[in-house]
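Visitor: Provided below are the primary sequence and the corresponding predicted coordinates.
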Amino acid sequence: MSAVIDHDHDHAHGHDHHPSGIMRWIKSTNHKDIGTMYLWFSFIMFLTGGVMAMIIRAELFMPGMQVVNPELFNQMTSLHGLIMIFGAIMPAFVGFANWLIPMQIGAPDMAFPRMNNWSFWLLPPGALLLIGSIFVPGGGNGAGWTMYPPLSVQQGMGMDMTIFAVHILGMSSIMGSINIVTTVLNLRAPGMTLMKMPLFVWTWLITAYLLIATMPVLAGAVTMTLTDRHFGTHFFNAAGGGDPVLFQHIFWFFGHPEVYIIAIPAFGVVSQVIPAFSRKPLFGYTSMVYAVASIAILSFLVWAHHMYTTGLPVTGQLYYMYATMLIAVPTGVKVFNWVATMWKGSLSFETPMLFSIGFLILFTLGGFSGLVLAIVPVDIQLHDTYYVVAHFHYVMVAGALFSAFAGIYFWLPKWTGHMYNEKLGKLHFWLSFIFFNMIFFVQHFLGLAGMPRRIPDYAPQFTDFNMISSIGAFGFGLSQLLFLYIVVNCIRSGEKAPQKPWEGADSLEWTHLPTPVPYHSFETPPTVK
C-alpha cells in the first residue's frame, strides 16, 4: 500500500519516472535500448576475441616459439573460441532480435521487459569471469573451448571461472530465448499470422527453441566436470568407472545445435537484406520456413560426426555420416532460394547487399567443406587439422559475422536516423572479404597437408601458408577498426536518413506484412495510404 501512496506522491510532485544518463541504460526495460547494449557489448567482445586471434596468429607467423609460451597459447585458443561464440556472435544476434522482433510483429515491446534487462546484465560478469581466468594462479582454461576431460579436470582455478562463466552466459541465453518465444507467440499484431511473419522473426523463434533445448545440456556437461574436479565424482574418469567420451557426447549434443543457433539468425538477416536490394519478394517463403525448421530438427541428430575418431562403432559412423549429409538438403534449398530471389531482380549493390552476397558465396564454400568432413574416411584423415579450422571459420565468420555486418549496415538508418558513409562501408566489405580469404583459404591446404590445430609450433614446410594466414589476420583485424569508425561517424554526424533509406528497397516492404500493421517508421504512427 505504501508503495502506491509513494507512487502517487511522486506524481503529485511531478517526479520523472524515466531515469536519465547512465541509469537509463542500467535500468532499461526498453527493447531498443537493450538491443543497442547487446550490439555494443558484442562488438567489444569481438575486438577482445580478435586480439586473442592476433596473438595466436603472431605466434604462428613462423615456426618455433616466438611470442607466447605454450600454456598462454592454449589459453588464447580456448578463450578466443568461447568469447567469439558466447560473447560476440550470439549477443550480436540477440541484439538484432531485441531491436527488430517487436517492430516486425507489431508488438509494443518484448513480453518480459525486466527479464530482458536481466538477460543482458548477466553478460558482462560472465565475460569478466572468462577473461579473468587468464590472470588466475594455477592457469586458466587451456583445455580448448570444448573443455574436454581429462585435461579440463586437471586445469587450475581458471577452469572453475570458465565453468561459472558458461553457466551465467547460458542463463542469459535461456532467459532471452524464453522472452523471444513468448513475444512471438503471444504479442503479434492482429492479422499477423505465423506465416506472415518476416523470415527474421521465424529464424529467431526456431533458434530460441534450440537454445532452450541445448543450453541445459551444456550446463550439465560443465557441472559434471565441476563435480569431477572438486567432489570426487568420476563421470569422466575411467579409473573410477567413468568415460571421457561421455563428455564429448554430452558436449556435442549441445555443440552441434549451437552451430545452427549461430547460423540460423544469420539466415534470417540475409533473407531480409537480399529481397530488399533485389526489389522483389523473397523466393519461396514457405519453403524457407520449412527449411529452417528441418535444419533445426536435424541438428539434434548429427552430434557424433564430431567424434569419428573416438572409436565409434562403424554402424554409428555410417548413420552420422548419412544424417550429416542430409542437412545439406534444406541448406541447399535456402541457398537456391536466395539466388532465385536475386534472379532477374533490379539489383543494387549497397554495402548490406555486398555483405549478403559475400555471405552467400563463402557460407556455401564452408558448407561444401562441411560436406567433405561429413565423410567418415576423409574426416579420420582431416580430424583436428587446419582443414576443420578453415571449414568452421567459413561458416562462422563468413556466415554469421558477414550477415551481422549486412544487418547492421541495413538497419543503421532505422536505428540511428542517420546514413553511414557508403564509400567507407564498401571499403570495409572489400577489405574484410579479401583478408578473410587470405586467412582461411590457405588453411584448407595446411589441413590437407596434415598440420594439426591448436599447436603453437609447427614443421617448417607449413611456413609459407602460415605467413599468408597471419598477414591476412592482421589485415582483417585492422579493417574492423574502420567499421567502428563508420558506425560512430554515422551515429554522430551522418546525414539524416530519408523515410525509406533504400529507395524502393524498404526492408519491411517485402516481408509479408498485412496492411494494417505499422511498419514504415519505427517512431511515428503509420500513415494509412
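Guide: Perfect, I can see it now.
Visitor: Let's test this: name the helix or strand in this protein with the lowest mean pLDDT.
Guide: Least confident helix or strand, the chain: helix 2-12 with a mean of 42, by mean pLDDT, DSSP states H and E.
Visitor: Grab the nearest non-local neighbour of P70.
Guide: Of all residues not flanking P70 in the chain, P456 sits nearest, at 5.0 Å (C-beta to C-beta, 6 or more residues apart in numbering). Where you see a C-beta, it was placed from the backbone N, CA and C, and this is true even at glycine.
Visitor: Give me the helices and strands touching the helix or strand hosting S470, please.
Guide: Counting by DSSP states H and E, the element that carries S470 is helix 463-493. On a contact count with 3 or more C-beta pairs under 8 Å, 6 or more residues apart in numbering; DSSP states H and E, helix 463-493 meets helix 31-59, helix 402-416, helix 422-448.
Visitor: With respect to burial, which of those helices scores highest?
Guide: Among the helices and strands packed on helix 463-493, ranked by average contacts under mean count of other C-beta atoms under 10 Å, first place goes to helix 402-416 (a mean of 24).
Visitor: Make sure F283 is actually in contact with N337.
Guide: Yes - contact criterion C-beta atoms under 8 Å: F283 and N337 qualify, at 4.9 Å.
Visitor: Tell me which of the helices and strands packed on helix 463-493 sits nearest to S172.
Guide: S172 lies closest to helix 31-59 among the helices and strands packed on helix 463-493, at 9.9 Å (C-beta to C-beta).
Visitor: And the contacts of the helix or strand that that closest one is followed by?
Guide: Per DSSP H and E, the first helix or strand lying C-terminal to helix 31-59 is helix 70-82. With C-beta atoms under 8 Å, 6 or more residues apart in numbering as the test, helix 70-82 has contacts from 49, 52-53, 55-56, 59, 68, 130-131, 133-134, 139-147, 158, 162, 165-166, 454, 456-457.
Visitor: In PyMOL, how would I select just the buried ones from those residues?
Guide: Those of these that count as buried under 16 or more other C-beta atoms under 10 Å are selected in PyMOL with:
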select buried, resi 49+52+53+55+56+59+68+130+131+133+134+139+140+141+142+143+144+145+146+147+158+162+165+166+454+456
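Visitor: In the chain, where's the longest helix?
Guide: Ranked by residue count under DSSP state H, the longest helix found in the chain is helix 244-278.
Visitor: what is the orientation angle of that one with helix 402-416?
Guide: Here helix 244-278 runs at an angle of 50 degrees relative to helix 402-416 (axes from the mean of the first three to the mean of the last three C-alpha atoms, to 10 degrees).
Visitor: buried set for helix 244-278?
Guide: Buried residues in helix 244-278, counted by 16+ other C-beta under 10 Å: 244-245, 247-278.
Visitor: Can you tell me which helices and strands that helix packs against?
Guide: Here helix 244-278 touches helix 90-105, helix 199-230, helix 285-298, helix 328-342, helix 351-374, helix 386-395, helix 402-416, going by 3+ C-beta pairs under 8 Å, 6+ apart.
Visitor: These into TSV, with extra columns for mean pLDDT?
Guide: What follows is those, written out as TSV (pLDDT from 0 to 100):
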stretch	mean pLDDT
helix 90-105	96
helix 199-230	97
helix 285-298	97
helix 328-342	96
helix 351-374	96
helix 386-395	97
helix 402-416	96
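Visitor: And the ones you listed: which comes nearest P313?
Guide: Of all those, helix 351-374 sits nearest to P313, with 17.4 Å by C-beta to C-beta.
Visitor: next helix or strand past the closest one?
Guide: The helix or strand immediately downstream of helix 351-374 is helix 376-382, counting by DSSP H and E.
Visitor: so the residue nearest to P70 makes contact with E59?
Guide: Yes - checked against C-beta under 8 Å, the pair P456 and E59 is within contact range at 5.4 Å.
Visitor: so what sits against both of those two?
Guide: 65, 68, 73.
Visitor: Quick check: closest non-adjacent residue to the second one.
Guide: Which is V68. In space, and not counting its chain neighbours, V68 is closest to E59: 5.5 Å by C-beta to C-beta, 6+ apart.
Visitor: How much space separates the one you found from I468?
Guide: Noted for E59: a distance of 16 Å to I468, by C-beta to C-beta, to the nearest Å.
Visitor: Centre-most residue in this protein?
Guide: I89 (2.9 Å; C-alpha atoms, centre = their mean).
Visitor: Read off the pLDDT value for that residue.
Guide: In this prediction, I89 carries a pLDDT score of 97.
Visitor: Next up, the contacts around it.
Guide: Taking C-beta under 8 Å, 6+ apart, we find I89 in contact with 42, 262, 396, 400-401, 404.
Visitor: One more: G142?
Guide: G142 neighbours (C-beta under 8 Å, 6+ apart): 71, 74-75, 78, 151, 155.
Visitor: Give me the three-state assignment for it.
Guide: Using DSSP: H, G, I helix; E, B strand; the rest coil, the secondary structure recorded for G142 is coil.
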